[in-house]
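Q: can't give you the sequence, but here's the structure:
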């Protein structure tokens, strides 16, 4: 199955590429807006700052290319910050607008547990993205920000209260955790996305 | 598990005694202002002890109890209850439950249950070295623990307050062993009391399964435990798994292992080991370049290419550039040690450049002090103070190795771990000394560690990662 991986300089692209290949993807790695706009299956990775990620997507016009692809019926998986930018906005260092493909905003974890969250956390899920993954399976998270009760939430986890671990809106998916670091369960999520129709 | 703040009253004030000694009373203030400062959630249970009554048998703090009971709290009162009238007096003050100690071993217990119902009676059972004590802990009771619990069970009393006297007020951790033993011998739920001194103690008690509540006195008053933070930790007690981490000490492209970093011998191929450990369920891998000369960067790359779990790499990281190169080679997190001790700002620099999550500070403790160069060189830096400083500077986690225990298989250094985990908000990875399954449990349960690390034990296949995880799970500690 052909998957177009957006070659963001602000992401651990090599790890995600390796995991996607292990999950059965035939990979195209690109920064070309035209190739992205015409893709059928897209993966948007991202680590670090939300604002930096959005700035890069804007400068390269990849933001519009992603919107065009989704409008044309492509399926999309955002990972970590690539998941966060799918929303309307984030409150990391003031309010920064996101791609606005998903409704909702991303906020910092407020509460007594240390931020960032670093480590495995069990996920309650219901979606084809989590097919063949038992309830309560832990995934690996590294994040200071998260959406809460997002529209289209298909998985949640508990850290300073419940937060959105994954979303689905039509053919658009986002996961807050790192499937490429979540061993077998993570590869299963990627495989489910790669083979999903 | 219910968190039950405890107020010991003497002369109208909240006090704490050490080992039940009245002369040692430390005064914290009047009951209501102390209570306000603790931010006790509405509807919570409050444990109140009239110390004078427990000594003389004469209830004196009735006015205070009346005022506390008017708040939105479930008040249980203990102290010197030796008759039905004593009990009635407290219940008339608005107390919902009464706690009976000395009386519990007499026939009064039956009369109390018959008169007020089993739900309103909480037997307090004080234990030292497995023996029940009475009369303000001064006397050995005539019944043994098993008989006492059999009576409590027969009377359909749901909960008993169990205090390990040797642990009370000592802030060295509760008696997990006693409560675990009771899980096997009685169906009565336990309200744990004594020794709680950090939030992880509460998480560990909750995981035992038979502990339905925990009375917290000194730890709250001394601000070692915050009810809000404890509530948040308890909410994730089952959902955030604790991690088992095999460590590959690497030199010249091979995994090696020695005792206290000496007598090095070959222990296999790093890629083969890494893949086997992921297969067995390792939650993360650590690679330490024991030469400390960054000669293993190629090994790091090969291992990173062969696994799908987080990889932490340490050894010889001297600068932000070394840190970046290691991340580029495929590490998710980088551990720094010697260079950070020599120049602590390195922690802040790496943390702001790569994020808190990428920075692990490795602390090799020997005799309470931090050491450098793999334990070979002593410093005059207090190991625990150094951990706190590292956290302030932006460390995301501490890898705490006891050089004294390393390679001895005699168990993790629980005292060292508690000293660190009681003052840190960030997680601690326990390292050095693992030799048996229970050692891993103890490091998490009593030591408060959020991850356990071992090397030779896994390389030599004395234990597998899977065996350790199954054991932790059987002991109530959640694993992936």
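A: That came through fine. It should be emphasised that the depicted structure is a prediction, and the values quoted were computed from it without experimental measurement.

Q: remind me which residues of chain A are low pLDDT?
A: Along chain A, the model assigns pLDDT under 70 to no residue.

Q: got the residues of it near chain B?
A: Residues of chain A lying close to chain B by C-beta under 8 Å from any C-beta of the partner chain are A:14-15, A:18-19, A:22, A:48, A:111-114, A:116, A:118-122, A:136, A:138, A:140, A:142, A:157-160, A:180-184, A:186-187. (C-beta placed from N, C-alpha, C; glycine too.)

Q: my reading is that residue A:174 is in a helix; is that accurate?
A: No - secondary structure of residue A:174 (DSSP: H, G, I helix; E, B strand; the rest coil): strand, not part of a helix.

Q: so it bridges to which residues?
A: Beta-bridge partners recorded for residue A:174 (DSSP bridges): residue A:78, residue A:167.

Q: tell me if I'm right that it and residue A:102 touch.
A: Yes - the criterion here is C-beta atoms under 8 Å, and residue A:174 meets it with residue A:102 at 6.7 Å.

Q: please enumerate the shared neighbours of these two.
A: A:86, A:167 (C-beta atoms under 8 Å, 6 or more residues apart in numbering or on different chains).

Q: okay, the two: which has more neighbours?
A: residue A:174 (30 against 26; other C-beta atoms under 10 Å in any protein chain shown).

Q: ok, that one - contacts?
A: A:77-79, A:82-84, A:86, A:102, A:166-167.

Q: again, 6 Å this time
A: For residue A:174, the contacting residues are A:78, A:83, A:86, A:167, by C-beta atoms under 6 Å, 6 or more residues apart in numbering or on different chains.

Q: now the residues of chain A next to chain B: which count as buried?
A: A:15, A:18-19, A:112-114, A:116, A:118-122, A:138, A:140, A:142, A:157-160, A:180-183, A:186-187 (16 or more other C-beta atoms under 10 Å in any protein chain shown).

Q: my guess is residue B:465 contacts residue B:280, does it?
A: Yes - with contacts counted by C-beta atoms under 6 Å, residue B:465 reaches residue B:280, the gap being 4.0 Å.

Q: who has more neighbours, those two?
A: Taking other C-beta under 10 Å, residue B:465 and residue B:280 do not tie; residue B:465 has more neighbours (22 against 16).

Q: ok, that one to chain A distance?
A: 12 Å (C-beta to the nearest C-beta, to the nearest Å).

Q: which pLDDT value goes with the closest residue to residue B:65 other than its chain neighbours?
A: The spatial neighbour of residue B:65 that comes closest, neighbours along the chain excluded (C-beta to C-beta, 6 or more residues apart in numbering or on different chains), is residue B:93 at 4.5 Å. Predicted confidence (pLDDT) for residue B:93: 95.

Q: who's in contact with the helix ranked longest in chain A?
A: As assigned by DSSP state H, the longest helix anywhere in chain A is helix A:183-195. With contact meaning C-beta under 6 Å, 6+ apart, helix A:183-195 is reached by A:1, A:3, A:19-20, A:22-25, A:77, A:129, A:131, A:133, A:137, A:179, B:308-309.

Q: which among the residues you listed end up buried?
A: A:1, A:3, A:19-20, A:23, A:25, A:77, A:129, A:133, A:137, A:179, B:308-309.

Q: chain A contacts on chain B?
A: Applying C-beta under 6 Å from any C-beta of the partner chain, we find that chain B lies next to chain A at B:228-229, B:232, B:235-236, B:239-241, B:308-310, B:356-357, B:396, B:425-426, B:480.

Q: ramachandran angles for the closest residue to chain A within the stretch 51-200 of chain B?
A: Nearest residue of the stretch 51-200 of chain B to chain A: residue B:199, at 9.0 Å (C-beta to the nearest C-beta). Backbone torsions of residue B:199, given as degrees, to the nearest 10, read phi -60, psi -40.

Q: same deal with residue B:185?
A: Dihedral angles (degrees, to the nearest 10) for residue B:185: phi -100, psi -20.

Q: give me the pLDDT for it.
A: 94.

Q: around it, count how many other residues there are.
A: Neighbours around residue B:185, by other C-beta under 10 Å: 11.

Q: one more: residue B:195?
A: Counted with other C-beta under 10 Å, residue B:195 comes out at 22.

Q: quick one: pLDDT of the residue of chain B positioned farthest from its centre?
A: Most distant residue from the mean C-alpha position of chain B: residue B:85, 40.5 Å away (C-alpha atoms, centre = their mean). Note for residue B:85: predicted pLDDT of 94.

Q: Three-state assignment for it, please.
A: helix.

Q: how about the secondary structure of the residue located most distally from the centre of chain A?
A: The C-alpha centroid of chain A is most remote from residue A:112, which lies 25.8 Å away (C-alpha atoms, centre = their mean). Following three-state DSSP, the label given to residue A:112 is coil.

Q: can you give me the helices in chain A?
A: Using DSSP H, helices in chain A cover A:13-22, A:33-37, A:50-59, A:62-71, A:81-84, A:183-195.

Q: format those as TSV; extra columns: distance to residue B:318.
A: Shown next, in TSV, are those (distance: least, C-beta to C-beta, whole Å):
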stretch	distance to residue B:318
helix A:13-22	25
helix A:33-37	40
helix A:50-59	27
helix A:62-71	37
helix A:81-84	30
helix A:183-195	32
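
Q: show me what contacts the residue of chain A found nearest chain B?
A: Nearest to chain B, among the residues of chain A, is residue A:112, at 3.6 Å (C-beta to the nearest C-beta). Residue A:112 is in contact with B:228-229, B:232, counting by C-beta under 6 Å, 6+ apart.

Q: identify the residue nearest residue B:25 in space, chain neighbours excluded?
A: That would be residue B:15: by C-beta to C-beta, 6+ apart, it lies 4.4 Å from residue B:25.

Q: and the closest residue to residue A:61 other than its chain neighbours, how many residues sit next to it?
A: Spatial nearest neighbour of residue A:61, chain neighbours left out: residue A:33 (4.8 Å); criterion: C-beta to C-beta, 6+ apart. Using other C-beta under 10 Å, residue A:33 is surrounded by 17 other residues.

Q: same question, residue A:134
A: Residue A:134 - counted by other C-beta under 10 Å - has 8 other residues nearby.

Q: how much space separates it from residue B:472?
A: 18 Å (C-beta to C-beta, to the nearest Å).

Q: how about residue B:339?
A: Distance from residue B:339 to residue B:472, by C-beta to C-beta: 34 Å.

Q: who's in contact with whatever residue of chain B ends up closest to chain A?
A: At 3.6 Å from chain A, residue B:229 is the closest residue in chain B, using C-beta to the nearest C-beta. Counting by C-beta under 6 Å, 6+ apart, residue B:229 makes contact with A:112, B:199.

Q: in the one helix or strand it maps to, what counts as buried?
A: Using DSSP states H and E, residue B:229 sits within helix B:227-235. If you call a residue buried by 16+ other C-beta under 10 Å, then helix B:227-235 has these buried ones: B:227, B:230, B:232-235.

Q: which one of these sits closest to residue B:446?
A: residue B:233 (15.9 Å; C-beta to C-beta).

Q: what pLDDT does that closest one get?
A: 92.

Q: could you do residue B:262 as well?
A: 61.

Q: what is the burial count for residue A:93?
A: 10.

Q: again, but for residue B:325
A: 16.

Q: please apply the same query to the one 4 residues further on.
A: Taking other C-beta under 10 Å as the neighbour definition, residue B:329 ends up with a count of 22.

Q: ditto for residue A:109
A: 18.
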